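**Student:** Got a sequence here, can you model it:
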Amino acid sequence: MNDYYYSTNVIKKIDKVYDVKLVDSFCCWSDLLGFGRNFTEKNWVLNTGEWEKVTDRLVDAQNICFENIIPFNEFALVLNDGIVRSFSIDNRIDHISILSVWLRSCVYFHIQVNKMESYKGLPGVRTIIASGQRAEHNFENLTLDDFVFNYTKPDPNGISQVAKTSGNPIICYNPKAMQMNTAFSKAYIIDEAGSSQEVSGANLFIDQSVIDLILKLSRKFSYHCGEIEWVDKQEYVIFGVPKKGHKDFYHLGFELYKPEIHFDTKTLKTKVWKVKSFYVHDEKPKDFKINIDNNTNVAPSFRYIKANKKD
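**Tutor:** Numbering: from 1, shown residues only. As a prediction, the model looks like this:
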């Protein structure tokens, strides 16, 4: 007999003791600027037309994100006017170029949303990328069926009829990728501080923790990563991970504006860098880079093309 025959699968799940698993992670947090003003100016009561404008802006940003998601290697979550993208370093990541492709997708997303926002006369999106650890420590979800007493089901080990007819929706969600995710915590704290800590405008920023974890990974993948390059220019620095034996190519790299921001709050003390450009894994740095501002080498999103066709 099912040990939980006279109980529910909720009790079964909370009865289980889960081993804690620590995983190094990157997090990309993007936040639409000036969004709350739509609500505060109206005391949080909008008419139908105002709601349509708000949701149209949300759909633009969300669908551009969905175009850029890298399956198998990331988890994305929409939170009101913000989007979290979590990239975990685990056994599936055996080459630093996998990280490079994900970082490029974050850069593309940031640029494409700002292009759409500019086209519509909106303030844009700010993106923060940070790294840290997450602690997997509990089950991921509770579905409707989990709340049904097992002895009432046709098959005590199966799905209840009410769950089948309703599609067995998730009632409580605790995704592993977001369980006590300190990379997300840091990215969110940096964004929330905003101009008080010189983190302002529709710009892309990376936390020092991103550089530190990339350094750690380059040592782990020393068989294909060369010595890290840190090149000091007049207005910016270049941080790059060369391909071993091919210094003309980077696995990934950033141009970062000087000086760095000395971020200092009660909740977080770190260095934050405003990103000028990103170097991709399949082009020579001297020939190609993605400029965050005034870029011409990032294709517009499907959403942007569709909007232009309407005009």
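
**Student:** Now do the contacts for the spatially most central residue of the chain.
**Tutor:** Among the residues of the chain, the one closest to the centroid is Arg85, at 2.0 Å (CA atoms, centre = their mean). Arg85 makes contacts with 27-30, 65, 69, 74-76, 106, as judged by CB atoms under 8 Å, 6 or more residues apart in numbering. Glycine gets a C-beta too; all of them are placed from N, C-alpha and C.

**Student:** so what's it bridging to?
**Tutor:** Cys28, Ala76 (DSSP bridges).

**Student:** quick one: it and Glu74, what's the gap?
**Tutor:** As judged by CB to CB, to the nearest Å, Arg85 and Glu74 stand 6 Å apart.

**Student:** got it, and Leu46?
**Tutor:** The gap separating Leu46 from Glu74 is 32 Å, by CB to CB.

**Student:** So for the two, which sits in the more crowded spot?
**Tutor:** Under the criterion of other CB atoms under 10 Å, the comparison of Leu46 against Glu74 puts Glu74 first, with 20 against 15.

**Student:** how close does that one get to Pro156?
**Tutor:** 37 Å.

**Student:** so which strand or helix has Ala61?
**Tutor:** In the assignment (DSSP states H and E), Ala61 maps to helix 48-68.

**Student:** what does the average pLDDT come to for that helix?
**Tutor:** Averaging pLDDT along helix 48-68 yields 97.

**Student:** Kindly report the same for stretch 110-129.
**Tutor:** 96.

**Student:** Report the backbone C-alpha coordinates of it in CSV.
**Tutor:** Only the C-alpha atoms of stretch 110-129 are listed here, as CSV (Å, rounded to 0.1, in the frame of the first residue of the first chain):
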residue,chain,number,x,y,z
HIS,A,110,19.1,44.3,-23.9
ILE,A,111,19.8,46.0,-27.2
GLN,A,112,16.7,44.8,-29.0
VAL,A,113,14.4,45.9,-26.2
ASN,A,114,16.0,49.3,-26.1
LYS,A,115,15.6,49.6,-29.8
MET,A,116,11.9,48.8,-29.5
GLU,A,117,11.5,51.2,-26.5
SER,A,118,13.2,54.0,-28.4
TYR,A,119,11.0,53.4,-31.4
LYS,A,120,7.9,53.8,-29.2
GLY,A,121,9.3,56.8,-27.2
LEU,A,122,9.7,54.8,-24.0
PRO,A,123,12.5,55.0,-21.4
GLY,A,124,14.1,51.6,-22.1
VAL,A,125,15.4,48.7,-20.0
ARG,A,126,18.3,48.4,-17.6
THR,A,127,20.1,45.1,-17.4
ILE,A,128,22.4,43.9,-14.5
ILE,A,129,24.4,40.6,-14.8
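
**Student:** the bottom helix or strand of this protein by mean pLDDT?
**Tutor:** Least confident helix or strand, the chain: helix 302-310 with a mean of 66, by mean pLDDT, DSSP states H and E.

**Student:** wait, Lys247 sits on Ile228?
**Tutor:** No: using CB atoms under 8 Å, Lys247 is not in contact with Ile228; the gap is 11.6 Å.

**Student:** What ranges does the chain have for its strands?
**Tutor:** 21-32, 74-79, 82-89, 125-136, 141-143, 170-173, 204-207, 229-232, 236-243, 246-257, 261-264, 269-279, 290-291 (DSSP state E).

**Student:** Let me know which of these is tucked in deepest.
**Tutor:** strand 204-207 (a mean of 26; mean count of other CB atoms under 10 Å).

**Student:** That one: partners in the sheet, and parallel or antiparallel?
**Tutor:** Partners of strand 204-207 in the sheet, by DSSP bridges, are strand 125-136 (parallel), strand 269-279 (antiparallel).

**Student:** Dump the ones you listed into a markdown table; add distance to Lys53 as well.
**Tutor:** Shown next, in a markdown table, are those (distance: least, CB to CB, whole Å):
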| stretch | distance to Lys53 |
| --- | --- |
| strand 125-136 | 16 |
| strand 269-279 | 30 |
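
**Student:** And Asp90, what's its pLDDT?
**Tutor:** 83.

**Student:** same deal with Asn297?
**Tutor:** 64.

**Student:** for the longest helix along the chain, the distance to its chain's centre please.
**Tutor:** The single longest helix within the chain, with elements called by DSSP state H, is helix 96-119. Here the centre of helix 96-119 is set off from its chain's centre by 11 Å, with CA atoms, centre = their mean, to the nearest Å.

**Student:** Now do that helix against strand 125-136: the angle between them, please.
**Tutor:** Angle between the axes of helix 96-119 and strand 125-136 is 140 degrees (criterion: axes from the mean of the first three to the mean of the last three CA atoms, to 10 degrees).

**Student:** buried stuff in helix 96-119?
**Tutor:** Across helix 96-119, burial judged by 16 or more other CB atoms under 10 Å covers 96-100, 102-117.

**Student:** which intervals of this structure have sub-threshold pLDDT?
**Tutor:** For the chain, residues meeting the criterion pLDDT under 70 lie at 1, 91, 295-297, 299, 302-311.
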